[in-house]
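> For reference, the sequence and a predicted model appear below.
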Amino acid sequence: MDWFINFLQDNFSSCVWLAILLVAMMPTLESKIAIPLAMNSAIWADNCLSPISTFFIAAIGSIVPSIFIILIIRKLKSKTTGFITSKFFQKYSSKSQKVILQSSDLKKYITLACFVAVPLPLTGVWTGSLITGLTNLNIKYSLIAISIGAFISAAVVTLLCTVFSNSISYILMISILLIILFLFADLIIGYLKDIKVKHRRKKY
């Protein structure tokens, strides 16, 4: 962790906003990590960003990759036959079903926004964009829903960091730990499911 902090201080102390923008664009990290990082005076000292600047930079940074993700996924989907059945995308395909099975178009986009708005690991703009790419949802309306969700998520995390400003370092560490735990749990669950499927195949 120290090497990462030293790297940030050595390269981004004079342009903290750029570091936050880049972190917000990264999958899984997004505003959940970018915001407590931006407001962390233990890292940036007097150069840490204000809550309002942090909110807008993190939210916009997390939204930027969305259109590229959607277009790339749809291109791959149309060109590769086994793309959506691959192990990596199976869990996103199941989440996509939760969206497209909604009774009305409005509910579909509200559900999509909710996927993005919840500031937890394995949710966020990348998840919402993957869902959009794997379905036939309207790109324009999906981007609006994803943007709304991103701003809600950023607002929640910014408010949390503002209220508990004396514990931002702990919030950052807990956020990173939660992401690691969620990713590890996701791998374990996927592995157990594979074993279960193989066992069923052997049985029959």
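On my side now, so go ahead.

> Which parts of this structure are helices?
Counting by DSSP state H, residue ranges of the helices within the chain are 2-12, 16-25, 30-38, 41-44, 51-63, 66-79, 87-100, 105-117, 125-134, 139-163, 168-203.

> Let me have the fifth one in PDB, keeping just the CA atoms, if that works.
It refers to helix 51-63. This file holds the C-alpha atoms of helix 51-63, laid out as PDB (Å, rounded to 0.1, in the frame of the first residue of the first chain):
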ATOM      1  CA  PRO A  51     -16.300  17.400  -1.600                       C
ATOM      2  CA  ILE A  52     -17.900  19.200  -4.500                       C
ATOM      3  CA  SER A  53     -14.900  18.900  -6.800                       C
ATOM      4  CA  THR A  54     -14.500  15.300  -5.800                       C
ATOM      5  CA  PHE A  55     -18.100  14.500  -6.500                       C
ATOM      6  CA  PHE A  56     -18.100  15.800 -10.000                       C
ATOM      7  CA  ILE A  57     -14.700  14.500 -11.100                       C
ATOM      8  CA  ALA A  58     -15.400  11.000  -9.700                       C
ATOM      9  CA  ALA A  59     -18.900  10.800 -11.200                       C
ATOM     10  CA  ILE A  60     -17.800  12.100 -14.600                       C
ATOM     11  CA  GLY A  61     -14.700   9.900 -14.600                       C
ATOM     12  CA  SER A  62     -16.700   6.800 -13.900                       C
ATOM     13  CA  ILE A  63     -19.200   7.600 -16.700                       C
END
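
> Excluding chain neighbours, what is closest to the residue nearest the centre of the chain?
Central residue of the chain (C-alpha atoms, centre = their mean): residue 124, 3.4 Å from the mean position. Leaving out its chain neighbours, the residue that sits closest to residue 124 by C-beta to C-beta, 6 or more residues apart in numbering is residue 30, at 4.6 Å. Every residue, glycine included, has its C-beta placed from N, CA and C.

> list the contacts for the one you found?
Contact analysis of residue 30 by C-beta atoms under 8 Å, 6 or more residues apart in numbering lists 24, 58, 62, 124, 125, 126, 150, 153.

> Check the residues you listed and tell me the two furthest apart.
58 and 126 (14.2 Å; C-beta to C-beta).

> These two - which one has more neighbours?
Higher neighbour count among residue 58 and residue 126: residue 58, with 33 against 22, using other C-beta atoms under 10 Å.

> Now do that one against residue 198, distance only.
42 Å (C-beta to C-beta, to the nearest Å).

> just residue 11 next, same as before
Residue 11 is 47 Å from residue 198, by C-beta to C-beta.

> Kindly report the same for residue 18.
In terms of C-beta to C-beta, residue 18 sits 47 Å off from residue 198.

> quick one: which of the two has more around it?
Neighbour totals were compared for residue 18 and residue 198, and residue 18 leads with 13 against 10 (other C-beta under 10 Å).

> now stretch 168-177, how far from the centre of its chain.
In terms of C-alpha atoms, centre = their mean, to the nearest Å, the centre of stretch 168-177 is set 16 Å apart from its chain centre.

> Mind listing what's buried along it?
Neighbour-count burial for stretch 168-177, counted by 16 or more other C-beta atoms under 10 Å, picks out 168, 171, 172, 175, 176.
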